[in-house]
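Participant: Output the structure for:
(one chain, ligands or ions: 1)
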Amino acid sequence: MARATGNVYLVKTSAGSVVIDTAAADQAAGARKMLDSVDHGPIKTIILTHGHADHIGGISIWSEPGTQIIAQRNYAEFVNYVKRLEGFFAVRNAVAFGRPVKPVGPWAGNFGAKIDPTTLFDQKYEFTLGGVKFELFSTPGETPDHLTVWMPAYKVAFIGDNYAGIGVEEPMSFPNLYAIRGTRPRPALDWIKSLDTVLALKPDIVLSGHGEPIFGNAEITRRLTRYRDAIQYVHDEVVKGMNAGKDVFTLMQQIKLPERFDLSQSFGKVSWSVRGIYDGYAGWFDTNPANMYEVPATSIYPDLVKLAGGSEPIVRLGLQKLAAGGAVEALHLSDVVLADNPRDAGALKLRISALEYLQERSKNYVESGWLDYGIANAKRNLAPAN
Ligand SMILES: [Zn+2]
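Facilitator: Numbering: from 1, shown residues only. From the prediction side, this is the model:
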């Protein structure tokens, strides 16, 4: 195994090797160098647990003439979707992962992605290499193309990012059922079923796409069950709330993860998942007829500023809200003023203070990245124009 942005696993058999995941493009060569210290023979097969860039970036580093590359069937549409919206995702990924914005070439069309796998399977695929059996199962979760690699002789399951997208170290974080950098819904019930598929194999070792292995069936069962039950709890509470006629913001406030799950929210936030599930089921319309049209609420913000006699009373109200702990209300008030004048110094200072207030209290690294992004933008607008 080589640890990079995404783990790379190499399984050596008497007839050559199988590589499971290939790391991000900029880390793949380093990962290969580490694994080349093993006499691994020819690379017969590459298996991609899913189509995220931190797992498929090193395909060319490992593939040899005749190497079979295997992925689940949904891989093709997943990588096409990522390529289709490449320009859109470039900025969002840069913020989410704290990296510079990658330059993007001309639009490659709807189906312009490079499809490296030579074998795409639907539900299950099996092969034997050097007498070692590999069973692959479709296990959609973090992405629709997720697969699990099972080696029955060793009771080892390679599960990609379906348990902990950033690592399996305790305290584990609740997953991102919606990643705010922009994703399609990640259906909770599919994810639960996929964790059940892994649990039913009764693995003794679970190897994840990030972080350290988990050893021992009792420990694996304890952790994966807890994770599954937490997803199920949040999903079911959203569904109950939707059926009771509650709006998405009420549910974001009300649904809390019970302490028995003992999960942090350093990676996935429960409130974002609540909204992800709600919107995943119902889409964007919230039953308010005003929101059926292409004129947003923000269009009358400049009128509100005029009505208030200028920005000053609105900024003052924002400062009062912030002093009382209402940082998000303060942000909304800064939005009102900035819609009228994007360079209003009072509103920008209010905005920076509110974002910094939230930053000091954030326990989620994704949220933290977006707060930094907001602070940097506001500071840029505050700087004198040249
Ligand atoms: Zn990953």
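Participant: From now on I want contacts and neighbour counts done on CA atoms only, so please keep to that.
Facilitator: Fine.
Participant: Show me which residues of the top helix by length along the chain are buried.
Facilitator: For the chain, the longest helix by residue count, based on DSSP state H, is helix 217-243. If you call a residue buried by 16 or more other C-alpha atoms under 10 Å, then helix 217-243 has these buried ones: 217, 220-221, 223-228, 230-239, 241-242.
Participant: Please apply the same query to stretch 88-106.
Facilitator: By neighbour count on 16+ other C-alpha under 10 Å, the buried set for stretch 88-106 is Phe89, Ala90, Val91, Arg92, Asn93, Ala94, Val95, Ala96.
Participant: for stretch 144-164, same thing?
Facilitator: In terms of neighbour count (16+ other C-alpha under 10 Å), stretch 144-164 has its buried residues at 144-151, 156-164.
Participant: Stretch 331-339 too?
Facilitator: Neighbour-count burial for stretch 331-339 flags Leu331, Leu333, Ser334, Asp335, Val336, Val337, Leu338, Ala339 (criterion: 16+ other C-alpha under 10 Å).
Participant: Columns distance to Val104, pLDDT and secondary structure on top of those residues, output as CSV?
Facilitator: Compiled in CSV, these are given as follows (distance: C-alpha to C-alpha, whole Å; pLDDT from 0 to 100; DSSP: H, G, I helix; E, B strand; the rest coil):
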residue, distance to Val104, pLDDT, secondary structure
Leu331, 32, 98, helix
Leu333, 35, 98, helix
Ser334, 32, 98, helix
Asp335, 30, 98, helix
Val336, 33, 98, helix
Val337, 34, 98, helix
Leu338, 30, 98, helix
Ala339, 30, 98, helix
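Participant: Let me have those in TSV, adding distance to Trp284 as columns.
Facilitator: Below are the buried residues of stretch 331-339 laid out as TSV (distance: C-alpha to C-alpha, whole Å):
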residue	distance to Trp284
Leu331	22
Leu333	24
Ser334	25
Asp335	21
Val336	22
Val337	26
Leu338	25
Ala339	23
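Participant: Roughly how far does the residue of the chain most remote from its centre sit from Val337?
Facilitator: Of all residues in the chain, the one whose C-alpha sits farthest from the chain's mean C-alpha position, using C-alpha atoms, centre = their mean, is Gly309 at 43.6 Å. The spacing between Gly309 and Val337, counted by C-alpha to C-alpha, to the nearest Å, is 12 Å.
Participant: which regions of the chain lie under the pLDDT threshold?
Facilitator: Per-residue confidence for the chain (pLDDT under 70) gives these ranges: 1-4, 165, 167-168, 385-386.
Participant: Please, where are all the helices along it?
Facilitator: Counting by DSSP H, the chain has these helices, from start to end: 25-35, 53-56, 59-62, 75-84, 86-96, 188-200, 217-243, 248-254, 270-282, 301-307, 312-323, 327-340, 345-361, 365-382.
Participant: How about the contacts made by the closest residue to Lys321 other than its chain neighbours?
Facilitator: Leaving aside its chain neighbours, Lys321 sits nearest to Ala330 (5.8 Å; criterion: C-alpha to C-alpha, 6 or more residues apart in numbering). For Ala330, the contacting residues are Leu317, Gly318, Leu319, Lys321, Leu322, Leu350, Arg351, Ala354, taking C-alpha atoms under 8 Å, 6 or more residues apart in numbering as the criterion.
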